[in-house]
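Trainee: Have a look; sequence and predicted model below, questions after that.
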Amino acid sequence: MESSPTRFDPPGNRNVRKNDSAKLNPGGQPEEDRDQQLFDRRKFLGIAAGVGAIGIGGPLLLSSCSSSSSKSVAEPLGHAVSTLPPKRGGHLTIGIDSEQAGFNPTQSPWSASGVMYARALFDPLTIVMADGSIQPYLAQSITPNPDYTTWTITMRPGVTFHDGTPCDANAIAYNIETFRKSLDFSIFTTNIKHVSVTGPLTLDIEMNEPWVAFPAQLTGAVGAQLGWIAAPSMLKAKNGASNPVGTGPFRFEEWIPNDHMKATRNNAYWRKGMPYLDSIEYKPIPSSASRSASLRSGVLGLMHTDTTAVIVTYQHNPGYSYIDDAHSTIGEPDVNFVMLNTKSAPFNDIRVRQAMAYATDTARMNTVVANSLPELATGPFFPGSKYYSPTGYPSYNPTKAAQLIKEVEHDTGKPVSFSLSATAANTTESEIGQLWQSMWQAVGMKVTLEFYDEATLIQNAISGKYQADNWTQFAAPDPDCNWPFWHSPSFGNFTGNDDPELNSYLHIGRTNPDPTARAEAYQNVAKRFAVDLPYIWTNRGLWAIIGRPNVMNFGNPTSPSGGKALALEGGVVWPTQIWLQ
């Protein structure tokens, strides 16, 4: 990952060859990649989350914080938002930070780069609006029964996939059932009891228990992959993962892995008059420095980055158009943290976890690693969000940390020692590991740094074969999307944290339709994390989109009904409304 600790992404996104060594030494990267920290955590978490927020309201479902409560490090610059009449034509090349394993939404977990692909080729059932509400997109409507145990999806008439087949209720049902059978994604559909087609364009989704935030799972944001709809012919094809067929604004043309994916305008697109571009191309360039150089040279017209050393060079640069999500209060952002295995020593002792929190100087880390741009974290939510309240998370206190370590050593007769796992992607990962190591050893812990290829590191976390990992995760359209990672027992709860009280708050958040009760429940979830300390919070993730001056309106998406949609979701923008000057 490029701007924070380990980025949890789906297994399919890691760009690690099968014969890579399991344990490696850190290597070098260009200077601008200096905050590409311990490992690309968002890549595994393509499975887990997206952006947005849900509450009750409107004929569809839920509403959240208003867009007036969001702000940026810098206001949108240049032509990121344009009121000029759009022009048709032209080709746009977009630089993204990683390649994906494939295009099948039911098999290939996607990071932000994968969702960028998806927004060109497919459409999600719902969309996150600028005010935080979730509204229909490919679907015409999504409505619950009175107790939220059944959701009815009605599709738009006349919409077809790129192969000419209808995008009707049977196609949606086939997609959802394929997700339910998926090894990667069934974890997110465990609350779905039954899917029944009730008409040519309507289907009912019956739940095991009320699921108030179900539409958030359908937004197609990072981790909300259930919402992406592919042609059944693609899902059935053996080569479907490399030959995508959707309903999206662009038709797939070619994919040369690790070089580019190209698509051309869908002239039969159901959103009349869109898209404006003739063609679009995505180039995976893992190095932010190289991506930035390609933008400056004109090879790229647009790029995303979560590397603060790059962001600071553009956020006030009038020669480029720019947006970021530095202080967005819509939904839940990515958070950077150290993840602890609470099921094994030494972190099965709460005193050691407390000592870790007291010993970690996050303000110093933020200065050294992130140019002091991101907000410091004391939980998964941030000021301005309705889910935020003071958590009681321990403040930096190395004296108290040292006292706790001495107490543990006295009681156990053993030193407190553990390994911090990291990826060997660049020298920065080594530097950050050494920063943590120096802080923790200063209070009496013995810390060993271990560097792995990303695939091995992520697999170790899944199997519980780790002690401490630098990590990033939890961006979500609604906090309920993180149920598989926070609830216990759950395959996705990598820390092993088992807290019945926390589980009860998660259950309220899932089943209670009252926005006030849901907000209070998730505030209490964050407070329980401050007690249990499975995560040593550091700071929030930060994404920016930068464009050359002729790339227009990339920060101004709309819904099919014409409302303003959320511009930037976890490093992802919509291509549909972009045009070239």
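Mentor: Okay, I see it. The shown structure was predicted, so the numbers you read here are calculated from the model rather than taken from an experiment. Numbering: from 1, shown residues only.

Trainee: Mind jotting down where the helices sit in the stretch 101-250 of the chain?
Mentor: Taking DSSP state H, counting those that start in this stretch to define them, one finds helices in the stretch 101-250 of the chain at 112-121, 169-180, 232-236.

Trainee: And for the shortest one, what's in contact with it?
Mentor: By CB atoms under 8 Å, 6 or more residues apart in numbering, the list of residues contacting helix 232-236 from outside reads 104, 106, 161, 163, 165, 170-171, 174-175, 178, 240, 243-246. Just so you know, the C-beta spots here come from the backbone N, C-alpha and C atoms, and that holds for glycine as well.

Trainee: Just the buried residues of it, please?
Mentor: For helix 232-236, burial by neighbour count (16 or more other CB atoms under 10 Å) applies to 232, 233, 234, 235.

Trainee: Kindly report the same for stretch 567-581.
Mentor: With burial defined by 16+ other CB under 10 Å, the residues of stretch 567-581 counted as buried are 567-580.

Trainee: and which of the residues you listed is nearest residue 465?
Mentor: For the buried residues of stretch 567-581, the residue nearest residue 465 by CB to CB is residue 570; the value is 28.1 Å.

Trainee: Surely the closest one touches residue 112?
Mentor: Yes: between residue 570 and residue 112 a contact is recorded at 5.5 Å, counting by CB atoms under 8 Å.

Trainee: picking up where we left off before, and the helices of the stretch 101-250 of the chain: which comes nearest residue 496?
Mentor: Ranking those by proximity to residue 496 (CB to CB) places helix 169-180 first, at 26.0 Å.

Trainee: List only buried entries from the contacts of helix 232-236.
Mentor: Applying 16+ other CB under 10 Å to these flags 104, 106, 161, 170, 171, 174, 175, 178, 240, 244, 245, 246 as buried.

Trainee: Could you find the closest non-adjacent residue to the last one?
Mentor: Spelled out, that is residue 246. With CB to CB, 6 or more residues apart in numbering as the criterion, residue 246 has its nearest non-adjacent residue at 3.4 Å, and that residue is residue 122.

Trainee: what's the most distant pair in the contacts of helix 232-236?
Mentor: Maximum distance among these (CB to CB): 21.2 Å, for 170 and 243.

Trainee: where do the strands sit along the stretch 401-550 of the chain?
Mentor: Applying DSSP state E, counting those that start in this stretch to the stretch 401-550 of the chain gives strands spanning 417-423, 446-452, 468-473, 535-540, 544-547.

Trainee: winner for burial among those strands?
Mentor: Ranked by mean neighbour count, these are led by strand 468-473 with a mean of 30 (mean count of other CB atoms under 10 Å).

Trainee: State the mean pLDDT of that one.
Mentor: Strand 468-473 carries an average pLDDT of 89.

Trainee: what helices or strands is it leaning on?
Mentor: Under the contact definition 3 or more CB pairs under 8 Å, 6 or more residues apart in numbering; DSSP states H and E, strand 468-473 sits against strand 335-340, strand 417-423, helix 427-441, helix 454-463.

Trainee: Could you check how far stretch 170-181 is from the centre of its chain?
Mentor: 23 Å (CA atoms, centre = their mean, to the nearest Å).

Trainee: and the residue nearest to residue 249 when sequence neighbours are not counted, backbone torsions?
Mentor: Spatial nearest neighbour of residue 249, excluding adjacent residues (CB to CB, 6+ apart): residue 275 at 4.0 Å. Backbone torsions of residue 275, given as degrees, to the nearest 10, read phi -80, psi 180.

Trainee: Residue 275: what's it in contact with?
Mentor: Counting by CB under 8 Å, 6+ apart, residue 275 makes contact with 249, 250, 265, 266, 269, 575, 576, 577, 578.

Trainee: hang on, the earlier thing: next one: the residue nearest to residue 246 from residue 335, what distance?
Mentor: Distance of residue 122 to residue 335, given as CB to CB, to the nearest Å: 28 Å.
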